[in-house]
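> Need a 3D model of the sequence below.
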Amino acid sequence: MPEIGGEVPGDKRGGDRRGGDRRRVERRAPPPPWRTPWAFAGYGAGVVLLLVIGLRGCGGGGDRQAGPSGPIAPAPAPLDTSHTPRQTGRQVEMAMSTGDYERLTLEGDRAKGRIVKAQLYCDEVDQAALENSDSIEAPIAAIADSVAHRVSAASCKWGAQDDPRREDFLLLVPHDLAPQFSSQPVTLDGYVRRRRLIANVEWIGKSRALALQTVGIFRGLSR
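Okay, the predicted model is just below:
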């Protein structure tokens, strides 16, 4: 039997280096500070920081102008201007009924130029001839064809369908507002197909240039 601490014949591993003291445990020296886990984490953070700084430096030139230093407000929502009535600076007056139509007619020149909200049932736009070029009202002259002496107009009924006192009305349609007029639905008004409009109308009254018909100018759809 071999002695404790001696070599066993045929064992090429050599003897137990601890000799007779088997309780002695080999201890490794602690790693240097630059090889600790915290050091490797610091190395990684430094590399990431260098990459970020490098990307920012390559992103823009030196001619960039400094922007405003205050807080940036969100952009306003886009406005829907397809059915927005023209801003005239005048208050819109309700005139949906035939009674309102009669009141405006009786007021004569005092009502001229008012913007009223009206319910109209209109035929398609056609060209109306201007009879007396010397007496054309200024708002009508502004939208008329000065060469042909004509203006775009639609024959309408003023008031609700079930009102037996509805009156005839000639609605003058400026060229830039014709798409709004044409966008309104066609409905059966009695036996006639007409467009129903809730419109802002500039009241003109009886026009000598249009054979004393009661007229007004379409100023856009009303909400």
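> just the helices in the chain please.
With helices called from DSSP state H, the chain shows them at 37-59, 98-107, 138-143, 178-182.
> any chance you could map the strands in this structure?
In the chain, the strands defined using DSSP state E lie at 92-94, 115-122, 126-129, 150-158, 167-172, 186-189, 192-207, 213-221.
> among those, which is nearest A178?
In terms of Cβ to Cβ, the element of the strands of the chain nearest to A178 is strand 150-158, at 6.8 Å. C-beta: built from backbone N, CA, C; applies to glycine.
> And the average pLDDT for that closest one is what?
The average pLDDT within strand 150-158 is 96.
> Could you do stretch 177-189 as well?
94.
> Which positions in it come out as buried?
L177, Q180, F181, Q184, D189 (16 or more other Cβ atoms under 10 Å).
> Name the residues linked to the last one by a beta bridge.
Same thing as D189. In this entry, D189 is beta-bridged to V192, by DSSP bridges.
> give me the low-pLDDT residue ranges for this structure?
Residues of the chain meeting the criterion pLDDT under 70: 1-31, 33-35, 38-40, 43, 57-89, 133.
> could you redo the last one with a cut-off of 50?
1-4, 8, 62-64, 66-68, 70, 73, 75-88 (pLDDT under 50).
> on that earlier part again, now the two most distant members of the buried residues of stretch 177-189.
Within the buried residues of stretch 177-189 (distances taken as Cβ to Cβ), the two that end up farthest apart are L177 and D189, at 21.6 Å.
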